[in-house]
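Participant: A structural model of the following input is requested.
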Amino acid sequence: MGETKRINLSFDLRSEKAREVYEIIISKRSAKTAFVIETVFAYLENNKSIDKQTIKDAFKEAIEEIGVFTVNKANGEEIADGIPDDVFDIINQI
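Facilitator: Okay, here's the model as predicted:
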């Protein structure tokens, strides 16, 4: 019995989302456990947090794509035209 564990889930069927999830799980008949396992892993895979540097890099890349500033890749020097320093201060605070 130590190898198999059970959990009990309760769904408030007055909630549209809970009712929908309940119906999806029930429809899986004999594959409910496999479905829940795959669903949980898919959720965890897709909801990994993004680090601050990734956000900064994406923001810089987006601004660079629209031609507001360019970054000299050799020495990391930024050349900005028309963007207030406050915007970069906000990004650096992230």
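
Participant: where does this structure have low pLDDT?
Facilitator: Low-confidence segments of the chain, defined by pLDDT under 70, span residues 1, 67-88, 91, 94.

Participant: which residue is nearest the centroid of it?
Facilitator: Centroid check for the chain by Cα atoms, centre = their mean gives residue 47 as the closest residue, at 3.9 Å.

Participant: Enumerate every residue touching it.
Facilitator: When contacts are counted by Cβ atoms under 8 Å, 6 or more residues apart in numbering, residue 47 is found next to no other residue. Bear in mind the C-beta positions are built from the backbone N, C-alpha and C, glycine included.

Participant: Now do it against residue 62, distance only.
Facilitator: Distance of residue 47 to residue 62, given as Cβ to Cβ, to the nearest Å: 22 Å.

Participant: go on, residue 28?
Facilitator: 41 Å.

Participant: Over to residue 6?
Facilitator: Between residue 6 and residue 62 the distance, using Cβ to Cβ, works out to 48 Å.

Participant: The two: who's more crowded?
Facilitator: With neighbours defined as other Cβ atoms under 10 Å, residue 6 and residue 62 compare such that residue 62 has more, 10 against 6.

Participant: Would you mind pointing out the helix or strand that one falls in?
Facilitator: With secondary structure defined by DSSP states H and E, residue 62 is part of helix 52-65.

Participant: Over to residue 4?
Facilitator: Under the criterion DSSP H and E, no helix or strand holds residue 4.

Participant: Tally up the residues packed near it, please.
Facilitator: Other residues lying near residue 4 total 6 when counted by other Cβ under 10 Å.

Participant: quick one: it and residue 55, what's the gap?
Facilitator: When distance is defined by Cβ to Cβ, residue 4 is 42 Å away from residue 55.
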